[in-house]
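S.K.: Sequence first, then the predicted structure, then my questions.
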Number of protein chains: 2
Amino acid sequence: MVVINGSLSNRINVLRAERNMTQKDLAEKIGVSRQTIISIEKGKYTPSLTLGFEIANAFELEITDVFQYKKMKEE
Amino acid sequence: MVVINGSLSNRINVLRAERNMTQKDLAEKIGVSRQTIISIEKGKYTPSLTLGFEIANAFELEITDVFQYKKMKEE
DNA sequence: AATTAAAGTAAAGTAAACTTGACATTAAGT
DNA sequence: ACTTAATGTCAAGTTTACTTTACTTTAATT
């Protein structure tokens, strides 16, 4: 059974922009490095679930308002 | 600044029970090892966001119906 | 044109997620 | 009492998230 992972996208970019928040601001608010924000924002890797919740909290949104997951086929 | 992480809990246990699903069933459905399910179910470590979504999908629930995150103080 | 803030890239290291395999325990069925 | 399915534990290994540092680029400001 080959499982093709679903794809994860996020709206951190626009959510920051709406709030005039820099990557540094967000990183410091959450307590992670700026690199981590950059990498997640650009989809370089997927965050842990707790970090996902933290980011949503920082924007005062639900986690599903920040991250979208689209399941793909498995065969 | 010391950040005390929020705590993550989950209802995988009861959701499986409601559906007569074994850990093995769930693991195979999602495409991870049984160890991974055990460890997440017992809170030994926190899953990735994508795995969180996959687990919620397996139960046909929202991610927040499976995982609860409680933020704690930072000082 | 020089300065500065914000965003991006890259690389090396550490911590944590996830796998694999082997074995122990508990509860249910025969 | 034996078997079997389900859960659990432990340990060692691989992969990936996350950190740190240092440097580049872009856009805005003076």
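M.R.: It's in.

S.K.: C-alpha only now, for contacts and for neighbours.
M.R.: Noted.

S.K.: ok, A:Ile63 - how many residues close by?
M.R.: 20 (other CA atoms under 10 Å in any protein chain shown).

S.K.: May I ask you to confirm that it is in contact with A:Leu51?
M.R.: No. Taking contact to mean CA atoms under 8 Å, the distance of 10.1 Å between A:Ile63 and A:Leu51 leaves them out of contact.

S.K.: I'd assumed A:Ile37 was in contact with A:Tyr45.
M.R.: No. Taking CA under 8 Å as the definition, A:Tyr45 is not a contact partner of A:Ile37, at 10.2 Å.

S.K.: more neighbours, those two?
M.R.: For A:Tyr45 versus A:Ile37, neighbours defined as other CA under 10 Å are more numerous around A:Ile37 (20 against 12).

S.K.: Could you see whether chain B lies near the helix or strand encompassing the more buried one?
M.R.: Using DSSP states H and E, the element containing A:Ile37 is helix A:34-41. No. Between helix A:34-41 and chain B, judged by CA under 8 Å from any CA of the partner chain, nothing touches; the nearest distance is 11.2 Å.

S.K.: and the next helix or strand after that helix, average pLDDT?
M.R.: For helix A:34-41, the succeeding helix or strand toward the C-terminus, using DSSP H and E, is helix A:49-58. Along helix A:49-58, the predicted confidence averages to a pLDDT of 97.

S.K.: Next, the angle helix B:49-58 makes with helix A:49-58.
M.R.: Computed with axes from the mean of the first three to the mean of the last three CA atoms, to 10 degrees, the direction of helix A:49-58 lies at 90 degrees from that of helix B:49-58.

S.K.: chain center to helix A:49-58, what's the gap?
M.R.: Distance, stretch centre to chain centre, for helix A:49-58: 8 Å (CA atoms, centre = their mean, to the nearest Å).
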